[in-house]
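>>> everything below, folded, please.
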Amino acid sequence: MIGERVAVVVGGGILGNTIAYWLSHLRGTKVFVMEKERDTSIHTTSRNTGMVHRPFYMNPQKKKVLATSASISYYLWKEFASSHNLPWNEVGTLEVAKTEEQVKTIEKYEKWALINGVQENQISILNREQIREIERNVSAPGGILSKTDTSTDYGILSNKIAEINKINGVRYLFNSRVMDIRSEKRTLQYFIDDSTTKRQMTCDLLINAAGNRSLDLAHRDGTALDKSVMYFRGEYWKVDENLKGFVSRNIYSVADNPEFPFLDPHLIVRPNGTLEIGPNAVPVSGPEFYREGMGKNKEFFPILKRPLSPKINLLLNPQFIKLAMGEWKSSLSQREMIGRVNSFIPNMDFRKAKVRGFSGIRGSLVDKHGFVPETIVQNKENCLHVLNYNSPGATGSPYFSYLLYNSILKNGLLEDNKGQDHISHEIWKDVDSYNTKSELLLF
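Next comes the predicted model:
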């Protein structure tokens, strides 16, 4: 290799930061992160349940990459949080069946958990009496206990990764909105803050990790033109402080409609022990249409962007419309939201959750077949587009980004110039020791 290579990561969320961390290992490659906000991790990374999910509920055939990434990243995050004294409250998750029929799903989860790398001693199948013994306020015919699910703060974790990246020489360009990509040696066009003056940067490798905006950027590059995106806002209600200890772990329920991104609200434990109920999944028209107000984005109704046919197909689906209307009801009333958890937590009084928490937004890819189940990585002329990177995306980001890094090297998109100095701050030195499965490449 002659001269220094340039790699640009678009998006300074938890995925962009972990990708930049692994790229900083490459001697002879200068790494930039371009972020449209004033700092890292402002949107989805900091607006979620904050759970490190063990992948017991993930179909290993449909979501192999995300399940593997979540399984291994649990250990990576635990090591990282311990080393840097970051929030880490291993509260566990109890996912319950609401009906006798759903007990079959719980039994299926046990098999999936073991395939996905969860250890046998980290999960337990419980009957009604066993559930009552550990959670007196929960009533369900059966459930699965995931003992190592953890409550954390992904915004704090992600910002610490960014801090380490800067020590390792990664350069962050904030208030930089990437607007266009040209094929000539990957020329980016971008704006600084609200300026109308275009600037340009050329690079050897571009990685689009822009989260809810990644598909828009891919379309500008002529990629994934058959796919569209639907946005869903998740909202939370804070439970009164005097109900601390009402439950001792996260309480989830089996989804009634797993083919749609409508999850029944959960009761979650934050790192400080406080409780919140949520999220719902309210359809909204854009990636920053928070309940508290719009983000920095000034674009209205991006949902109307083409292609429209995948969205129209959903809007013609009576079941989707019925579910969407239910989500809107739960957005307008805490009584409606908490009524949905009363089927398995009957003693939760809606009057004990009067204060709204934050809201977050998920962008789910759709095509002619419906919702796309797995993350997609598309390579077009040294431009990698990471699309549909959703839950448990924050959980799996350390190992998923490592898989992406290995795929970059295997495909010769970048190489390691061993004549240069190594990085200053090393974490996750033993990452390869966690994976006993065959090698996974993302593209």
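
>>> what's the local residue count around residue 257?
Residue 257: 13 surrounding residues under other C-beta atoms under 10 Å. In this view, the C-beta of every residue, glycine as well, is placed from N, C-alpha and C.

>>> residue 38 too?
Applying other C-beta under 10 Å, we find 10 residues neighbouring residue 38.

>>> from residue 172, how far out is it?
Using C-beta to C-beta, to the nearest Å, we find residue 38 at a distance of 11 Å from residue 172.

>>> anything in contact with each of those two?
Among the neighbours of residue 38, none is also in contact with residue 172 (C-beta atoms under 8 Å, 6 or more residues apart in numbering).

>>> direction included, what does the longest strand along the chain pair up with?
When the chain is parsed with DSSP state E, its longest strand is strand 355-367. Partners of strand 355-367 in the sheet, by DSSP bridges, are strand 228-238 (antiparallel), strand 370-371 (antiparallel).

>>> mean confidence for the last one?
To tie it back to what came earlier, the one meant is strand 370-371. Averaging pLDDT along strand 370-371 yields 93.

>>> any idea how far the residue nearest to residue 354 when sequence neighbours are not counted is from residue 366?
Spatially, and ignoring its direct neighbours in sequence, residue 354 is nearest to residue 334 (6.9 Å; C-beta to C-beta, 6 or more residues apart in numbering). Computed as C-beta to C-beta, the residue 334 to residue 366 distance reads 30 Å.

>>> same check on residue 238?
32 Å.

>>> next, the buried residues of the helix or strand harbouring residue 216.
Residue 216 is located in helix 214-220, with elements delineated by DSSP states H and E. Across helix 214-220, burial judged by 16 or more other C-beta atoms under 10 Å covers 214, 215, 216, 217, 218, 219.

>>> equivalent analysis for stretch 324-341, please.
So stretch 324-341, judged by 16+ other C-beta under 10 Å, has buried residues 324, 326, 327, 329, 330, 331, 334, 336, 337, 338, 340, 341.

>>> want to throw those residues into a markdown table with pLDDT?
Listed next are the buried residues of stretch 324-341 as a markdown table, based on pLDDT from 0 to 100:
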| residue | pLDDT |
| --- | --- |
| 324 | 92 |
| 326 | 91 |
| 327 | 92 |
| 329 | 92 |
| 330 | 90 |
| 331 | 91 |
| 334 | 89 |
| 336 | 92 |
| 337 | 91 |
| 338 | 93 |
| 340 | 91 |
| 341 | 94 |
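
>>> put together JSON lines for these, with distance to residue 283 and secondary structure on each row.
Below are the buried residues of stretch 324-341 laid out as JSON lines (distance: C-beta to C-beta, whole Å; DSSP: H, G, I helix; E, B strand; the rest coil):
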{"residue": "324", "distance to residue 283": "5", "secondary structure": "helix"}
{"residue": "326", "distance to residue 283": "11", "secondary structure": "helix"}
{"residue": "327", "distance to residue 283": "7", "secondary structure": "helix"}
{"residue": "329", "distance to residue 283": "13", "secondary structure": "helix"}
{"residue": "330", "distance to residue 283": "12", "secondary structure": "helix"}
{"residue": "331", "distance to residue 283": "10", "secondary structure": "helix"}
{"residue": "334", "distance to residue 283": "19", "secondary structure": "helix"}
{"residue": "336", "distance to residue 283": "16", "secondary structure": "helix"}
{"residue": "337", "distance to residue 283": "16", "secondary structure": "helix"}
{"residue": "338", "distance to residue 283": "21", "secondary structure": "helix"}
{"residue": "340", "distance to residue 283": "17", "secondary structure": "helix"}
{"residue": "341", "distance to residue 283": "21", "secondary structure": "helix"}
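
>>> and which of these is nearest residue 89?
residue 341 (21.0 Å; C-beta to C-beta).

>>> I'd say residue 176 and residue 34 touch.
Yes: Residue 176 is within contact range of residue 34, at 4.6 Å (criterion: C-beta atoms under 8 Å).

>>> shared neighbours of these two, anything?
residue 190.

>>> what about stretch 378-398, start to end distance?
Chord length of stretch 378-398, first to last residue, is 19 Å (C-alpha to C-alpha, to the nearest Å).

>>> list the buried residues for that stretch?
Buried residues in stretch 378-398, counted by 16+ other C-beta under 10 Å: 378-380, 382-398.

>>> now, which of those residues lie within helices?
393, 394, 395, 396, 397, 398 (DSSP state H).

>>> need the residues you listed in a markdown table with pLDDT and distance to residue 261, can you?
Converted to a markdown table, those look like this (pLDDT from 0 to 100; distance: C-beta to C-beta, whole Å):
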| residue | pLDDT | distance to residue 261 |
| --- | --- | --- |
| 393 | 95 | 13 |
| 394 | 97 | 16 |
| 395 | 98 | 17 |
| 396 | 97 | 17 |
| 397 | 98 | 19 |
| 398 | 98 | 24 |
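
>>> what is the nearest of the residues you listed to residue 139?
Using C-beta to C-beta, those come closest to residue 139 at residue 395, 28.6 Å.
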